[in-house]
Every structure is written in C-alpha cells, then in structure tokens.
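Asker: Got a predicted structure plus its sequence, pasted below:
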Amino acid sequence: MTSTPKANHLLSILLYAFTIALTQPAYSQAEMPTFNQAFDKHPATMLLIDPDSKRIVNANAAAANFYGHSETKLESMTVADLNMLTPEQVAAEVKLARQEGRQFLYSDT
C-alpha cells in the first residue's frame, strides 16, 4: 500500500493529537470539578431522584429553569409531581428502569 501526502499529513495530525491527549490532562487534580460542581453548572436539565421514595434529591439550575420552579422547590417534590403519568405509572417506570439497569426514566406517553 502506498501512502499519499494527504494520508501522511492526516497521520501526523492524529499522532500529534494523541500525544497531546496523553501528556496534557484536561484538568489538574486541584482543578478537577467535584460531582456537585459539574452537576450544578451543567447546562442539561438534571434531577437526582431517590428510586425508593421517588423524591427529587437534587436539582440543577437548568432543571429549575426548565420546570419553572426554584431548585429548593423541586427538591421538595417527587418525580410524580412533575410527570403527567399517574403515580402507578411512575412506579412501574421506575421498576422497569431498575430491571433494565437504566439510570434514567423514560416515557413516550
């Protein structure tokens, strides 16, 4: 197989990127954000839900904005308070998520 200048150039770029990735960590240990920092500042709507009580344990700012409630208010609610499903349907979805090893709830109804 003969290599072309374009293929050699691409290989050089990939080798350089790989070398940088190995030698330059994204964060130093001191700069590494904690889970709470990453969770709180993440732009995605995120809720931590206790699977037994279905209570919202933690909500980030994006969730507060999305649902129109403060983080404190969300953390006083259950997932059923936000969901259009009945409490029985929520319980069934939590059970199914556990059985399937999912870390999220989903319903297309």
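Answerer: That came in fine, so what should we check first? Numbering: from 1, shown residues only.

Asker: Show the end-to-end separation of stretch 44-62, please.
Answerer: Start and end residues of stretch 44-62 are separated by 6 Å (CA to CA, to the nearest Å).

Asker: Under the pLDDT cut-off, which ranges of the protein? List them.
Answerer: 1-29, 103-109 (pLDDT under 70).

Asker: all strands for it, in order.
Answerer: Remark: strands assigned in the chain by DSSP state E are 47-49, 56-59.

Asker: Out of the ones you listed, which is closest to residue 96?
Answerer: Set against residue 96 and scored by CB to CB, those come closest in strand 47-49, at 14.3 Å. In short, each C-beta sits where N, CA and C put it, glycine included.

Asker: Indicate which one of the strands of the chain is closest to residue 36.
Answerer: strand 56-59 (8.1 Å).

Asker: hmm, who's touching that closest one?
Answerer: 39, 46-50, 71, 74-79, 82 (CB atoms under 8 Å, 6 or more residues apart in numbering).

Asker: Please apply the same query to stretch 39-46.
Answerer: By CB under 8 Å, 6+ apart, stretch 39-46 touches 33, 48, 58, 59, 60, 61, 62, 63, 65, 66, 67.

Asker: Counting neighbours, which of the residues you listed comes out on top?
Answerer: residue 59 (26 neighbours; other CB atoms under 10 Å).

Asker: May I have the beta-bridge partners of that residue?
Answerer: residue 47 (DSSP bridges).

Asker: burial measure for residue 53, as a count.
Answerer: Residue 53 has 10 nearby residues by other CB under 10 Å.

Asker: Residue 90 versus the residue nearest to residue 102 when sequence neighbours are not counted, what's the distance?
Answerer: Ranked by CB to CB, 6 or more residues apart in numbering and with sequence neighbours excluded, the top spatial neighbour of residue 102 is residue 96, at 8.0 Å. Distance, residue 96 to residue 90, by CB to CB, to the nearest Å: 11 Å.
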